[in-house]
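In: structure, please.
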Amino acid sequence: MSIESSYEDARKLYAKHGIDVDEVLRKLAQIKISVHCWQGDDVRGFLFQDQELTGGISVTGNYPGAARTPQELRSDLEKAFSLIPGKHKVNLHAIYADTNEQVDLDQLEPRHFQSWVDWAKAQGLGLDFNPTCFSHEKSADGFTLSHPDADIRRFWIDHCKASRKIGAYFGEQLGQ
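Out: Residues are numbered from 1 along each chain as shown. Model prediction:
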């Protein structure tokens, strides 16, 4: 049985229940899926690659074939998106900054993600953004925004504020 005949059989079955499969697929093509960046490298990121994953992350960060650079991850994402109908988004965590600077999470700026913005524009994709409140020396005891130490708590608040600015920049630059 070919894929085409299987599809036709499924279309007929759904039609018996009043479902127009072609219309459903047209509607689905309008919905953007936000694919998490960490699916390409098991949450390793590029900002602190030599650091262990912490904070309840249930992955190892060392699966074979993991992207080692932002360029490798973007190439992997291009392949994945070539197989997924529609134009979608990539959800970046702060640790996926593409910079040669030594910068900590609370000091991140939109410029540290400019290559991602340029790539998303070229690919016709959107970008979403998350702060990274794990796998950092200031999250070692399990507390971030609720840390009892005011200086550590301020660090995480500043990181989240920086993340909001980066996310806003993505929206301005990409129109979504």
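In: can you pull out the low-pLDDT segments for this structure?
Out: 1-3, 42, 53-63 (pLDDT under 70).
In: can you show me the helices along it?
Out: 3-16, 21-28, 70-82, 114-123, 150-174 (DSSP state H).
In: out of these, which is closest to Ala140?
Out: The closest of these to Ala140 is helix 150-174. By Cβ to Cβ, the value is 9.9 Å. Yep, even glycine has a C-beta here, placed from its N, CA and C like the rest.
In: could you say what helices and strands that closest one packs with?
Out: With contacts taken as 3 or more Cβ pairs under 8 Å, 6 or more residues apart in numbering; DSSP states H and E, helix 150-174 sits against helix 114-123, strand 126-130.
In: same thing but at 6 Å, please
Out: Helices and strands touching helix 150-174, by 3 or more Cβ pairs under 6 Å, 6 or more residues apart in numbering; DSSP states H and E, are strand 126-130.
In: packing partners of the strand it packs on?
Out: strand 89-93, helix 150-174.
In: and the last one, which residues are buried?
Out: This points to helix 150-174. 152-153, 155-156, 159-160, 162-163, 166-167, 169-170, 173 (16 or more other Cβ atoms under 10 Å).
In: give me the contacts around it.
Out: 94, 105-106, 108, 110, 113, 117, 120, 126-127, 129, 131, 138, 144-145, 147 (Cβ atoms under 6 Å, 6 or more residues apart in numbering).
In: columns distance to Glu101 on top of the helices of the chain, output as CSV?
Out: Formatted as CSV, the helices of the chain follow (distance: least, Cβ to Cβ, whole Å):
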stretch, distance to Glu101
helix 3-16, 48
helix 21-28, 40
helix 70-82, 14
helix 114-123, 12
helix 150-174, 14
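In: so which of these is nearest Pro64?
Out: Ranking the helices of the chain by proximity to Pro64 (Cβ to Cβ) places helix 70-82 first, at 13.1 Å.
In: so what does that closest one touch, helix or strand wise?
Out: Taking 3+ Cβ pairs under 6 Å, 6+ apart as the contact cut, helix 70-82 packs with no helix or strand.
In: so how far is it off the chain centroid?
Out: Here helix 70-82 is found 12 Å from its chain centre; the criterion is Cα atoms, centre = their mean, to the nearest Å.
In: now for Gly124: which residues touch it?
Out: Lys87.
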